[in-house]
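A.B. asks: Quick one: sequence and predicted model below, then my questions.
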Amino acid sequence: MNSASAKKGSRGSIAAGMAIVFLMAGPVSAQWAKVRLPGTPRTSDGAPNLTAPAPRTPDGRPDLSGIWRKSRDGTKVSAGNLAADGVEVPFQPWAEALYKERLANNGKGVPSERCLPHQIPKTYLIAEPTKIVQTPGLIVILHEEFNNYRQVFTDGRLFPPDLDRRWMGYSIGKWEGDTLIVDTRGFVGENDWLDFGGHPATDALHFVERYRRRDFGHMEIQFTVDDSKAYMKPWTFTVPFDLLPDTELIEQICDNEKDAAHLVGK
Amino acid sequence: MTKLTRLAIFVAGLSWLLAVVPAAAHHSFAAEYDVNKPLALKGAVSKVEWKNPHAFFYIDVTDETGKITNWALEMVGASALLRNGWKASTLKIGDIVTIEGSGAKDGTTQGQARIVVLASTGERLFAQAGQETQPAQGNRP
């Protein structure tokens, strides 16, 4: 079968094949790196009990530690479009024009296409998972894609008076009941893309994230984009996450970038 | 199969296709590939690049005249493929495979592979992220 004949005769069969394949999909069951992690509550058959109560640290706080990935169900928010759940984005006029231009250009130009880091929140919305390691005074967030990381300081410090500009910003966290509130400032502010569609941001960006672990296997993060240069007022969206149990992060170095030469804009 | 049934299956397939064709892991899918350019190829594996952020493999496709064209096929990265059940050794040089995916917008002989079928075993390997919901794939020795 060559490409021409295949294309000519197989469009329908490909569609039918896709329908059959994906209709067969069931709940997540197969995963790489089966490691039986201690501290995981289990059902009588040994499977991770994902609806067990959320674990807590010795000081009584919820422990957010674990490997998380955006839920496939229950949200339309995606790495492609933060506003897909219907939130009205209160653009400043220039920001709306830039967003529309980026969309019209097929999203060509997003910094991650050149192996620069996915920024917040896109780094949470791609398929590659995120690992949270919660310690007293510091929460480390490891993003698998590009081996990227964040530090959230929970030791009571304030923002430094002069913030260096950073891809992931400078983050401080505090607890409000069972919710971790993370404030992040000090972003790069040039050519920022909050998603693949190209929602922009500036050096005025202040991100507020509210982490709430509902139970052992489920967490929500409410993201608020507060950037008065790009948006008329703060806007918020919430994303559900599922725990990936009994597995580990996998090294992910960007060492095979070949797409840039093929990207097509308008 | 009636025309109506075929249409229903095509629409169902297309909606699943759109649902599972997200922005690629590090770049916009829409900037590189065209979901309206379905790609179906059969050929012999000539090279495998087991890397991130995308693994690639290359196949030699022979047309009716005997002309051989080498195609580059992009998958998700090696880390996501591992979660799908792949190993670095799943595809070997010389393996005959059939792929389903999307063609490149720039018209080059490059495509995004979604499904790779091994001719020797009939195994269907899923080459995009989030497809580990399928039975374990690619566990060849």
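C.D. replies: Thanks, I have the structure now. Keep in mind it's a predicted model, so treat the numbers as computed, not measured. Numbers count the residues shown, from 1 in each chain, chains lettered A, B, ... in the order given.

A.B. asks: which residue ranges form the strands in chain B?
C.D. replies: Secondary structure of chain B (DSSP state E): strands at B:33-49, B:56-62, B:68-74, B:96-104, B:110-118, B:124-126.

A.B. asks: The first one vs chain A: in contact?
C.D. replies: Yes - contact between strand B:33-49 and chain A, assessed by Cβ under 8 Å from any Cβ of the partner chain, occurs at B:38-42, B:49. Any C-beta I mention is one placed from the backbone N, CA and C, and that applies to glycine too.

A.B. asks: Any idea what the most centrally placed residue in chain B is bridged to?
C.D. replies: Centroid check for chain B by Cα atoms, centre = their mean gives residue B:113 as the closest residue, at 1.8 Å. For residue B:113, the beta-bridge partners under DSSP bridges are residue B:101.

A.B. asks: before we move on, the earlier item: pLDDT and neighbour count added to the residues of strand B:33-49 next to chain A, as JSON lines?
C.D. replies: Below are the residues of strand B:33-49 next to chain A laid out as JSON lines (pLDDT from 0 to 100; neighbours: other Cβ atoms under 10 Å in any protein chain shown):
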{"residue": "B:38", "pLDDT": "94", "neighbour count": "24"}
{"residue": "B:39", "pLDDT": "95", "neighbour count": "24"}
{"residue": "B:40", "pLDDT": "96", "neighbour count": "23"}
{"residue": "B:41", "pLDDT": "96", "neighbour count": "24"}
{"residue": "B:42", "pLDDT": "97", "neighbour count": "17"}
{"residue": "B:49", "pLDDT": "95", "neighbour count": "16"}
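
A.B. asks: and which of these is nearest residue B:93?
C.D. replies: residue B:49 (12.1 Å; Cβ to Cβ).

A.B. asks: interface residues of the stretch 151-266 of chain A facing chain B?
C.D. replies: Residues of the stretch 151-266 of chain A lying near chain B (Cβ under 8 Å from any Cβ): A:196, A:247, A:250-260, A:262-265.

A.B. asks: Could I have the buried ones of those as ChimeraX selection syntax?
C.D. replies: Only the buried entries of those go into this ChimeraX selection, using 16 or more other Cβ atoms under 10 Å in any protein chain shown:
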select /A:196,247,250,252,254,256,257,259,262,263,264
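
A.B. asks: which SSE is residue A:160 in?
C.D. replies: According to DSSP states H and E, residue A:160 maps onto no helix or strand at all.

A.B. asks: Tell me how many other residues crowd it.
C.D. replies: For residue A:160, the neighbour count with other Cβ atoms under 10 Å in any protein chain shown is 11.

A.B. asks: Leaving aside the residues adjacent along the chain, what's closest to it?
C.D. replies: residue A:170 (7.0 Å; Cβ to Cβ, 6 or more residues apart in numbering or on different chains).

A.B. asks: residue contacts, that neighbour?
C.D. replies: The contact partners of residue A:170, by Cβ atoms under 8 Å, 6 or more residues apart in numbering or on different chains, come to A:159-160, A:163-164, A:184-186.

A.B. asks: just the residues you listed now: which is nearest chain B?
C.D. replies: residue A:184 (21.8 Å; Cβ to the nearest Cβ).

A.B. asks: Quick check: phi and psi on that closest one?
C.D. replies: phi -130, psi 130 (degrees, to the nearest 10).

A.B. asks: And residue A:63, by the same measure?
C.D. replies: Torsion angles, degrees, to the nearest 10, at residue A:63: phi -100, psi 110.

A.B. asks: Report how many residues lie close to it.
C.D. replies: Counted with other Cβ under 10 Å, residue A:63 comes out at 14.
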